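# Fold the following and give me the result.
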Amino acid sequence: ACATTPAPLTAPLLTAAACALLAAASGVPRPELAVWLLVAPFGTLLALVDVRVHRLPDRLTLPLAVALPLLLAGAALSPYAAGSWPTALLGALVLGGGYLVLFLLHPDGMGFGDVKLAVPLGAALGWYGWGVLFVGAFAGFLLGALYGLGLVLAGRAGRGAAIPFGPFMIVGALLGLLLGAFTALS
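Have a look, this model is predicted:
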């Protein structure tokens, strides 16, 4: 398989790994874990699509931006929920708004799909609080910067080269969610 065409088992294996990590970090069944397990396949699919075609399609980002906060609203009704639905909504607005500002300041540096993806990721990260939101968002930027720097140092890209940022956003959010789920145990 060529570098831009993932092996047929890539998506299921990545999704299974993300789900296993989230379940292990939660330690106990919590209602938000069901939400993370439902949306993990969408994150994997979005990351793989972005790697392949440098796009985050509206068909996936927009339903996710609506569904994730609604699913978290249902999770918040459980007495065993370890997060905050109001903070999740604010997190969606803050991260989505932050990405919108970055897009408006430098439209060639960030795609609008990244802005739309930031909304559900902000909701997920915000569920566990502002610290987790910051860690998850920062991790995405850090991973993307390290990847870009690696490409430049290896001579495979110039400083202005476009890289798909969605996968880094998603992995950063996964790291934030793992931190949030793990710390919710204590």
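# nearest residue to residue 109 other than its sequence neighbours?
residue 102 (7.3 Å; C-beta to C-beta, 6 or more residues apart in numbering). C-betas here are computed from N, CA, C, even on glycine.
# Quick check: that neighbour vs residue 177, distance?
22 Å (C-beta to C-beta, to the nearest Å).
# Please name every helix or strand in contact with the one helix or strand residue 179 maps to.
Using DSSP states H and E, residue 179 falls within helix 166-184. Where contact means 3 or more C-beta pairs under 8 Å, 6 or more residues apart in numbering; DSSP states H and E, helix 166-184 is packed against helix 10-26, helix 31-53, helix 112-127, helix 130-153.
# phi, psi of the residue sitting furthest away from the middle of the chain?
Largest separation from the mean C-alpha position in the chain: residue 155, at 28.3 Å (C-alpha atoms, centre = their mean). As for residue 155, its main-chain torsions (degrees, to the nearest 10) stand at phi 70, psi 20.
# just residue 9 next, same as before
phi -90, psi 0.
# Can you check the pLDDT for it?
Residue 9 is assigned a predicted lDDT (pLDDT) of 87.
# before we move on, what about residue 186?
Confidence score, pLDDT, at residue 186: 62.
# ditto for residue 54
What the model reports for residue 54 is a pLDDT of 94.
# Counting neighbours, what do you get for it?
14 (other C-beta atoms under 10 Å).
# Residue 128 too?
26.
# And for residue 143?
18.
# Now it. Nearest residue, chain neighbours left out?
That would be residue 168: by C-beta to C-beta, 6+ apart, it lies 4.4 Å from residue 143.
# Residue 181 now?
Excluding its sequence neighbours, the residue lying closest to residue 181 (C-beta to C-beta, 6+ apart) is residue 25, at 4.0 Å.
# That concludes my questions; thank you for your assistance.
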